[in-house]
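J.: give me a 3D structure for the following:
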Amino acid sequence: MRTPLLIAAFLAALLAACSGKGQPESKLALELRPIGNLAEFSLQDQDGQIFGKDQMMGKLWVVKFFFTRCPSICPLLTTSMKDVASHWSEETGIHFLSITVDADFDQVDVLKAFAEANELPENRWRLLSGKPSAIRELCEKSFLLALGGAMKPNGDITHSSRFVVVDGKGQVRGFFDGLDGNEVAKLNRALRFILEEN
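T.: Next up, the predicted model:
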């Protein structure tokens, strides 16, 4: 009488073993579950055009906060994001967003000059400025990142080194340290997963 139960247990174990290859994707899917939704916002890009949540819809975004005269981590973050953009140079669905935390200085013309000096692929890379209060709210409440106060005597402003992935529905899907090579590699895997989930 135990035979059917033993067969059922064997088949269940076999099925679990055969599905082992899917476990990493299942783990990744768990890690990339939506964390929150972006609120509506309105800033200006480097071309002086209004840019908000509507402009992000339907595209996959990698987002960072930075400022052009940053004396510390920002140049490294820009280089890291450029490497990611180069990795996905043939993928038109992935876009990049840099939002300044020094908006009083980083006006539209400054952002435009920065994009050109750093040879950023502007067809899929937007740089944003606007009211400091709006940027702080966006950073802390939508992108869930900490942001320091006034500029320090050394010219630095405390902000996160994490890249944020936002999907085509305006959902935050993950955070990846742009200064950590292993995290950047994980970011690239996450982008591939999200691209293929639809």
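
J.: tell me what the helix or strand in which Asn182 is found is packed against?
T.: Secondary structure from DSSP states H and E places Asn182 in helix 181-196. The contact analysis (3 or more Cβ pairs under 8 Å, 6 or more residues apart in numbering; DSSP states H and E) places helix 181-196 against helix 23-31, strand 60-66, helix 74-87, strand 162-166, strand 171-177. (Glycine included, C-beta is placed from N, CA and C.)

J.: redo the ones you listed as CSV? Include mean neighbour count.
T.: Listed next are the helices and strands packed on helix 181-196 as CSV, based on neighbours: other Cβ atoms under 10 Å:
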stretch, mean neighbour count
helix 23-31, 11
strand 60-66, 24
helix 74-87, 17
strand 162-166, 24
strand 171-177, 19
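
J.: turn those into TSV, including mean pLDDT and distance to Pro132.
T.: Compiled in TSV, the helices and strands packed on helix 181-196 are given as follows (pLDDT from 0 to 100; distance: least, Cβ to Cβ, whole Å):
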stretch	mean pLDDT	distance to Pro132
helix 23-31	72	33
strand 60-66	98	12
helix 74-87	98	17
strand 162-166	98	19
strand 171-177	97	22
